[in-house]
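>>> Okay, structure incoming, though there's no sequence with it:
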RNA sequence: GGGCGCAUAGCUCAUCUGGUUCAGAGCACCUGCCUUACAAGCAGGGGGUCCGCGGUUCGAACCCGUGUGCGCCCA
């Protein structure tokens, strides 16, 4: 059968993927083999594949495919995350298009729509992963909001509550006025923006009963004592309950015991003294708004200040503000500045740069807000998680993230886990309307507990209502490695005992704390054991300008288009070519092109092989090539293993790429390739088949499709003999001397080709070459390869200089090449003299080193030996050059 | 403001415990080739004061200090 010049990748991708599925190669059930387990970082159920997923999942697939070939029971668990906020946004949008407002429907109706949305659009991403070749056990696909996983979430909540690790409290939270929910600290992005700093005058009075004369205000406050405070948020003036200055600030010492009057609303507030104040900033006086700033809140607690919350949940001003009620905070900011100015309260305005928090999900400016929320106490829980990363029981790769991790875990703050949404796990807390509550799995249990805890309060008319809020999505994903193996439902189940702890986790450093740290915490809390042994942290995929690739920026190519264009193997290769662990990767489509070209190269190597006709009578004269190649192949395998064990995936792939392209295609195949019109001997043919097959096995984890396709073209295969489950090649010993000989022969061939090239001689013209060497036997061994590859007549050996030839040094040997072209004596001389100068310098530096007693005393013997060899070689080269010079 | 990290060829990155014959790849670039597997290719080539300065060492791209520039995290 004639093989096409270019392989149709889409066709083989579909063919092999469905074949692998049919054969259930990705299916894993516990057995006597050693398990190798990865749980996928569950993508948002709303998600579509982006470049970050491509990178991440390619790495996981490489690891899992290799483990599978190595005979381990490889299990890659896929699934999706219910992603409260993201999904809620999608569903609300969908309802809007249907003309329905969330406010107008019940929670039950809303959830029905949400589930419908999920069934219809959710999980597309998993289908997309198949296109990439991901070898997940799809029978194990999980979803964080499915029944079993939800039950685990609720049970964990109740358990932590009962242990006293979950509490309810008024806390300053990051409020997202657009999403109408609290968000965690990690979901707040601080951006530097240009702001204005407003200097506002507050009148000073002696007692809380004092009032300010309106005429004093109108006259620009010239006749009354006042204090100026600086603020970037003038609208919060309406919630001020104190003015604070530093106790050591000479400017304000006289204000002890006095009061300030809040402009516009004339609220009289105390002047307090606290060393929290930065004397240098602004005027050294701070307006204190406990309800709307975390630092102010802390000051408020310390000095027992009144807390006035002037904002509604949607960011408009509340009744408490007295003025501008119902108007948006940013509109009010503009208005109040005008009003302050008009009334003479505004002293001046300055431009400053400051950091403002934005919601990661909605991009709204975050409002610090006092709110009743649920929290997880983190300090004690975090301890084993910190310890076991620091002692490398769990390894972070690369380990530079240990520092960051340590810092975060040592300064861990309590985790706000309630979210004001409907899509998610509803908090299992029940309230009686009188300020009492209980935590329980069901209403029935809640009533039971309630009647026990609050004896006498329960009457026939009593009702308990469940908390309206749901839990933070991470509160379910932190259980993922346990939950996917039903470790909560069946703590002693077969799956959890077999697969847990898992081996490798591959994820992005951005969620090291969000997710990875919390999984570790949950692992120690609920299994007394780490959830995984290694965490491979990928980089961020950026575009060529260094911008993070994202849908919002529109700078990310569609992965499926890329697959169509460059093949799944091509993309996988492209992603991995430039992505050492933990380093960002600047994505360039050219890399995918390079990957695709590589598949083409391999395909054409196959076409070459399949085009050969075999002559069973013919004897092989390629033994030296086999010997060199076999040793080099073993060395490659060793190097690959080294790179793998250090999780240097990029390096592994590049080594393989170079080996296949250069050593196999450019050298080995050219060595054994029969001259045009001739047949190949059986030994060479079979050896080549074996090498090719082995290389495809090594390549399979990276390029599953092309390797499987080639595997089946190389030989007739029995049913069930697929590369996907073929045994991964074992490393055998090798002789570095044989490899060195082969490499030298390559150098010799290149050197002759170079002379040919520089003299403009055609590759078709056979040249005559004389060689001066101490290793005649090596040349004799490889003679026919050299003659063939460099197109020269039989090699001549010489012990003297050869007249009228171009000479070139290869290691310590000297080649004299008859070019038939007269040499330019002057330029040759110049070249030789330059080279001699270099070697003279080289020799003297080595001699200096060897003559240094401290060196010979301190350096390891093999280093000294090597220096001596360097010296001898250098001298021999210099001598050779001197001879050349003398001849000219 | 606090913490972490980075700086090597035009670009993106290697150099794994300080020691191979002037630091290696890929891309890009230059020269010559449509040579019966592959132009998605072949054969060659040029290109580096390893950010500056100081130190430790027999020996530094690598260790220490310092300066400069850049990135990330936290407040």
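Now that the structure is in, tell me what you want to look at. Note that the structure is predicted; figures quoted are calculated from it, not measured. Numbers count the residues shown, from 1 in each chain, chains lettered A, B, ... in the order given.
>>> drop to CA atoms for contacts and neighbour counts, all remaining ones
Fine.
>>> Which positions in stretch A:523-542 come out as buried?
Taking 16 or more other Cα atoms under 10 Å as the basis for neighbour counts, the residues of stretch A:523-542 that come out buried are A:523-527, A:529-542.
>>> hang on, I meant stretch A:480-496
Residues A:480-488, A:491, A:495-496 are the ones in stretch A:480-496 that count as buried (16+ other Cα under 10 Å).
>>> now residue A:499: how far from residue A:303?
Shown here: residue A:499 relative to residue A:303, a distance of 54 Å by Cα to Cα, to the nearest Å.
>>> More neighbours: which of those two?
Between residue A:499 and residue A:303, counted using other Cα atoms under 10 Å, residue A:499 has the larger neighbour count: 23 against 13.
>>> so who does the more buried one touch?
The neighbourhood of residue A:499, defined by Cα atoms under 8 Å, 6 or more residues apart in numbering, consists of A:30, A:35-37, A:485.
>>> and if you look at residue A:484?
Contacts of residue A:484 were listed using Cα under 8 Å, 6+ apart, and they are A:77, A:140, A:142, A:149.
>>> Among the residues you listed, name the ones in helices.
Secondary structure of the contacts of residue A:484 is defined by DSSP state H; positions in helices are residue A:149.
>>> Same list, the contacts of residue A:484, but as CSV with distance to residue A:677, neighbour count and pLDDT please.
As requested, the contacts of residue A:484 are arranged in CSV below (distance: Cα to Cα, whole Å; neighbours: other Cα atoms under 10 Å; pLDDT from 0 to 100):
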residue, distance to residue A:677, neighbour count, pLDDT
A:77, 53, 25, 98
A:140, 55, 16, 97
A:142, 59, 20, 96
A:149, 67, 25, 97
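>>> List just the nearest of the contacts of residue A:484 to residue A:558.
Using Cα to Cα, residue A:77 comes nearest to residue A:558 of these, at 24.7 Å.
>>> thinking the closest one is in contact with residue A:137, fair?
Yes - proximity of residue A:77 to residue A:137 meets the contact threshold set by Cα atoms under 8 Å, at 5.8 Å.
>>> Shouldn't residue A:869 be within a helix?
Yes - inclusion of residue A:869 in a helix is indicated when DSSP: H, G, I helix; E, B strand; the rest coil is applied.
>>> Quick one: neighbours of it, just the number.
The number of residues packed around residue A:869, counting by other Cα under 10 Å, is 13.
>>> and it, how far is that from RNA strand B?
Here residue A:869 is placed at a distance of 6 Å from RNA strand B (Cα to the nearest atom of the strand, to the nearest Å).
>>> And the pLDDT at that residue?
At residue A:869 the predicted local confidence, pLDDT, stands at 83.
>>> List the residues that contact it.
If a contact means Cα under 8 Å, 6+ apart, then residue A:869 has no contacts.
>>> ok, 10 Å please
By Cα atoms under 10 Å, 6 or more residues apart in numbering, the contact set of residue A:869 is A:846, A:863, A:875.
>>> and what of residue A:645?
With contacts taken as Cα under 10 Å, 6+ apart, residue A:645 has the following neighbours: A:639, A:652.
>>> Any figure for the gap between the closest residue to RNA strand B within the stretch 251-400 of chain A and residue A:578?
Among the residues of the stretch 251-400 of chain A, residue A:400 lies nearest to RNA strand B; the distance is 5.3 Å by Cα to the nearest atom of the strand. Per Cα to Cα, residue A:400 is found 19 Å from residue A:578.
>>> Just want the most central residue of chain A.
The geometric centre of chain A, computed from its C-alpha atoms, lies nearest to residue A:538 (Cα atoms, centre = their mean), at 2.5 Å.
>>> pretty sure that one contacts residue A:584?
Yes - counting by Cα atoms under 10 Å, residue A:538 sits close enough to residue A:584 to count as a contact (7.5 Å).
>>> Can you give me the pLDDT of residue A:882?
Among the per-residue scores, residue A:882 shows a pLDDT of 85.
>>> ok, residue A:432 - contacts?
Residue A:432 sits next to A:438, A:447, A:450, A:457-458, A:462-466 when contact means Cα under 10 Å, 6+ apart.
>>> Go through the helix or strand where residue A:866 lies and flag the buried ones.
Secondary structure assignment for residue A:866, by DSSP states H and E: helix A:861-887. For helix A:861-887, the buried set under the neighbour-count rule, 16+ other Cα under 10 Å, comprises A:864, A:867-868, A:870-871, A:873-878, A:880-881, A:884-885.
>>> measure residue A:688 to RNA strand B for me?
Residue A:688 is 12 Å from RNA strand B, where distance means Cα to the nearest atom of the strand.
>>> that's a strand at that residue, yeah?
No - residue assignment for residue A:688, taken from three-state DSSP, gives helix, which places it outside any strand.
>>> Could you report the neighbour count for it?
By the measure other Cα under 10 Å, the count of residues near residue A:688 is 19.
>>> Surely it is in contact with residue A:672?
Yes - shown here, residue A:688 and residue A:672 form a contact pair, counting by Cα under 10 Å, at 8.6 Å.
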